[in-house]
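Novice: model this:
(one chain, ligands or ions: 1)
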Amino acid sequence: MRNTTSYTSEAFIIEGGRTLRGAIRVSGSKNASLPILMASLLTREVCSVEGVPHLLDTQTAFELLESLGARVEPDGERVLINPASVNNQKAPKEVVRRMRASVLVMGPLLARFGRAVVSMPGGCSIGVRSIDQHLKVFEKAGARIKIKHGYINLEVERIRPVEHTFEVITVTGTENALMFLSGCERRSILRNIALEPEVIDLVDVLRKMGVEIEIEDRTAIIKGSGELRGFSHRVIPDRIEAGTLMVAGFLTGGEVVLEDVRVEHLGNIIEKLREAGALVDILSLNSLRVKGGGNIEPLSISTAEYPGFPTDMQAQFMVLCSIAKGVSEIRENIFENRFQHAAELQRMGADIHVRDRLAIVRGVEKLSGAEVYSTDLRASASLVLAGLVAEGITLVKDIYHLDRGYERLEEKLRELGATIERLPQKDV
Ligand code: EPZ
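Specialist: Residues are numbered from 1 along each chain as shown. Predicted coordinates:
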C-alpha cells in the first residue's frame, strides 16, 4: 500500500521581472490519466499506461486502485495495472475528499462487479459540483442507488441499454457513463456529451478494450462487451499545463518553445493569446513557439465547454488582463465560484471587480509582489504567473493545490529562467 500522501504545507518564493526563454516539454494530461487509470477496473487483464504525470492526484488514483485490490507497478515512463485481484468496490471517504475524480470508479465498478460504494464527493472551493448527471444514467440503466451516511451505494444486476440526453455537458459524467455502458452488450445512445480531448482519449482506450463507440457531434453510440481486454496507451499531453506555460512566456515578454503538445487541442488558447498580442508560431503538430514583448491587449473572455475557451485557463488569463492596456471582461460560465484568485491578485495591486459570474479587470501598470494564498489548482497557477511579472518578491502559499495538477512546475519555470524556489511554509 502506498504511503498516504500527506499535504506538507509548502510555499513558492518568486522574484518577479525575469524574462522566460527556452524550450520545455509538456507532461501528460492529468485529466486524461485519471479516467484512463480507472478504466483498467473494467478488465481482468494487465493495462499499461504511459505518460501519466507524477502528481498528487495521480498518486491518489494509484492508492485508490490499490485499495480496491488492484496491483499498481510503476515501470519507468509507464505504469502497469493488474486489476485481476480487485476484490473491493468501496472508495473510502478519505480518498474521495482528497480527489473528487475518485467518483470515476463508479462506472467501471458497476460494469464489472454490479456494485460500487463511493463516498459523496462533497463540494470544493470552485463550486457545488454535483454528480446528479452521473447518477441519472446509472438509474436509467437499472441501477439501484441509495445514499446513506455520506456514501452512495450503487447496485445493478444487468445493465439495460439506454437512450439518454445529459441535461448538462459534464466531462466526468460523460466519462463515467461511457465506462459504465462498456459493460452493456447492447447498443446505447448518449446525447449532449462532453467532447474534451481527455474524453476522446478515454474513448480511444475503451475502443482498444473492445468497446464499439461511434461519436457524431455531441452524440455517442456505444456497444460494450462482457469481457473487455487490457490495453496499452500513452495519454495525451496536458493542454492546460501547455496553456499555462504559453501564458508565462507571453506575460514575461519572453520566447518559449513548447514540445510534446497536441496543437489541435490548443486552438481556443492560441486564438485568445494572439488576440492579446502574442506571436504564436506553430512549428509542427506537436510544437509551437510563443513570443511576447509588445503590449498586452485587453480581452473579452467567456468560458465554455470544449472546443470553447477552457474554464481551466480562466485564472491564468486573468493575470494577463490585470496588466493589459485597457479593460477586460471575463465571464465564467462553467463553475459558480471560480474567481477566488481575484482577491489574491488584488493583494498584488490588480484592479478587478467581480459580480456573480462576471469579472471586470482594469489593466494596471505593474503588479507588486505580496504574500498570497492558493485556493484551488488553477488559481494557484495564476498566482505563480502573477509572481513572475510582479515587482519584488511574491510568496505563494499552500501550493499542494498546485502539486495536484502540475508536475515539477517550479523546475520547468526555472529551466526557462524564472527565479522560483520551493520552501517549507514554516520557513517563510
Ligand atoms: C472536469 O471536472 C475537470 N476535472 C475539471 O478540471 C474541469 O474544470 C471541468 O471538467 C470542466 O472542464 C477532471 O476531468 C478530473 P463537469 P468535472 O462535470 O467533470 C455541473 C482541473 O482544474 N455538473 O464538466 O467535475 C458542474 O457543477 C479540474 O483540472 C452538474 O450540475 O466538471 C459544473 O458547473 C477542475 N451535475 C458543470 O456541470 C453533474 O452531474 C461542469 O462540470 C455534473 C456536473
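Novice: I'd like to know which elements the host helix or strand of Thr174 is packed against.
Specialist: Using DSSP states H and E, Thr174 sits within helix 171-181. With contacts defined as 3 or more CB pairs under 8 Å, 6 or more residues apart in numbering; DSSP states H and E, helix 171-181 has these neighbours: helix 30-39, helix 106-113, helix 132-140, strand 187-191, helix 197-208, strand 219-223. (Glycine included, C-beta is placed from N, CA and C.)
Novice: just say helix, strand or coil for the closest residue to Ala84 other than its chain neighbours.
Specialist: Excluding the flanking residues, the one nearest Ala84 by CB to CB, 6 or more residues apart in numbering is Arg44, at 4.6 Å. Using DSSP: H, G, I helix; E, B strand; the rest coil, the structure places Arg44 in coil.
Novice: roughly how far apart are Arg44 and Ala70?
Specialist: Distance, Arg44 to Ala70, by CB to CB, to the nearest Å: 10 Å.
Novice: what do the two both touch?
Specialist: Pro83 (CB atoms under 8 Å, 6 or more residues apart in numbering).
Novice: dump the residue contacts of the nearest residue to Asn295 once chain neighbours are set aside.
Specialist: Distance criterion CB to CB, 6+ apart; nearest residue to Asn295, sequence neighbours excluded, is Lys325 at 5.0 Å. By CB under 8 Å, 6+ apart, the residues touching Lys325 are 295-298, 363.
Novice: filter those residues down to the buried ones, PyMOL style.
Specialist: To isolate the buried ones among the contacts of Lys325 in PyMOL, judged by 16 or more other CB atoms under 10 Å, type:
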select buried, resi 296+297+298+363
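Novice: in strands, which of the contacts of Lys325 appear?
Specialist: Secondary structure from DSSP state E places none of those in strands.
Novice: point out where the chain drops to low pLDDT.
Specialist: Counting by pLDDT under 70, the chain contains low-confidence residues at 1-8, 123, 428.
Novice: what parts of it come near the ligand?
Specialist: 30-31, 34, 101, 127-134, 168, 170-173, 194, 198, 311-312, 334-335, 377-378, 405 (CB under 6 Å from any ligand atom).
Novice: buried members of those residues into PyMOL, please.
Specialist: To isolate the buried subset of the residues of the chain next to the ligand in PyMOL, counting by 16+ other CB under 10 Å, use the following:
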select buried, resi 30+31+34+101+129+131+133+134+170+171+172+173+194+198+311+312+334+335+377+378+405
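Novice: what lies in contact with the helix or strand hosting Leu345?
Specialist: The secondary structure element spanning Leu345 is helix 340-347 (assigned by DSSP H and E). Here helix 340-347 makes contact (CB under 8 Å, 6+ apart) with 125-126, 315, 318-319, 322, 350, 352, 354, 359, 367, 370-373, 375-376, 378-379, 382-383, 386.
Novice: repeat for stretch 300-308
Specialist: Contacts of stretch 300-308 with the rest of the structure, by CB under 8 Å, 6+ apart, involve 169, 194-197, 267-268, 272, 309-311, 314, 317, 321, 328-334.
Novice: still on that earlier bit, on the three-state scheme, the residue nearest to Asn295 is what?
Specialist: When classified by three-state DSSP, Lys325 comes out as coil.
Novice: give me the phi and psi for it.
Specialist: phi -90, psi 70 (degrees, to the nearest 10).
Novice: and the gap between it and the ligand?
Specialist: 29 Å (CB to the nearest ligand atom, to the nearest Å).
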